[in-house]
Structures are given as C-alpha cells and as structure tokens.
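Q: need the 3D shape of this:
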Amino acid sequence: MAHAKGALLDTRTKIVGVADWIVEPGEEWVVVAGVFDPVTLEAANAVMRHVEPGAKLAVVVAEGSQNLLSREARANLLAALREVDAVLIEDVDVVIDRATQQGARATLRDESAGDPQRAEDFSRFVLERQAAGIGAQPGKHSQ
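A: The predicted model follows:
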C-alpha cells in the first residue's frame, strides 16, 4: 500500500480483518507481533526496526494481561506509522497462515518479549514525573 508523501490517509483503512487482508502472490511481508501496550516511542521504534526494503509491513496487535489501552486503540495508533501497511487484531498464526496460503512470503518478527520492559519503562517514567510534580495542572494537587 504506497502512500504519497504528504497525502492525507485515513489510517483506519490500514486496520483489517484477516479475511479482508489482501495479499498478492509473491509479495514479501514482515509481520511484527506484540502487545504494544502502551504505544510509546519505544513501541513504535520496535515496529520500525523491522522495515525492510521491498517488503510490506504488517503489525499484529495481541491481547495482553493488564492493558492500559484496548487492542483497537493500539491498532489505531500503530496504523498511524507511515511505513505500516496493515494492522491486524488477530492471532498471529492465523495471519501468517493467511499470507502463505495466498502465496506470499511472510516473516514473523515477535516483539512480545520486549513488551514487559517497555511497559515497565513507561510506568517508571510516569511515576518519576508524578514524584517530581512535572505535568501537574495548575490548581490541582497530587495526593
């Protein structure tokens, strides 16, 4: 899915069900799977590390155990990344099977191992900011 630089795109069109995911025979797809909760710069960088020239990029958003954001919300945020061609809220094995059944080459890149560390880093960042009083709204007090 090529997008002209500077062109407006409704990123929700990138979020597809596996049955609606159009994969052409011979296409190469990199499929990045993870929980990605919360979607932070580090999560976006984890996805973007897997961009490969000539390959399309799909992100599979998995369910986590204690999510801050719904899968749909995370999918919307990840779809906003320009290099992402498709976002699926599906089981990753179903996504890989669909791609290969349609004649594409799909390479799985599992980012779920990094999810706990990214969540911990985000929590620590928020707690440190709260402790320092950074980001407090005027007239509101931390308790």
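
Q: C-alpha only now, for contacts and for neighbours.
A: OK.

Q: packing partners of the helix or strand that residue 106 is a member of?
A: Using DSSP states H and E, the element containing residue 106 is strand 105-110. Packing contacts for strand 105-110, counted by 3 or more Cα pairs under 8 Å, 6 or more residues apart in numbering; DSSP states H and E, involve strand 28-34, helix 92-101.

Q: could the ones you listed go into TSV alongside distance to residue 129, mean pLDDT and mean neighbour count?
A: Output for the helices and strands packed on strand 105-110, formatted as TSV (distance: least, Cα to Cα, whole Å; pLDDT from 0 to 100; neighbours: other Cα atoms under 10 Å):
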stretch	distance to residue 129	mean pLDDT	mean neighbour count
strand 28-34	27	97	23
helix 92-101	36	96	17
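
Q: can these go into JSON lines with extra columns for distance to residue 119?
A: What follows is the helices and strands packed on strand 105-110, written out as JSON lines (distance: least, Cα to Cα, whole Å):
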{"stretch": "strand 28-34", "distance to residue 119": "12"}
{"stretch": "helix 92-101", "distance to residue 119": "21"}
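
Q: nearest to residue 22, out of those?
A: Nearest of these to residue 22, taken as Cα to Cα: helix 92-101 at 8.6 Å.

Q: report all helices and strands that the next helix-or-strand element following the strand holding residue 106 contacts.
A: With elements assigned by DSSP H and E, the helix or strand that comes after strand 105-110 is helix 115-132. Using 3+ Cα pairs under 8 Å, 6+ apart, the elements in contact with helix 115-132 are helix 41-48.

Q: understood, closing this out.
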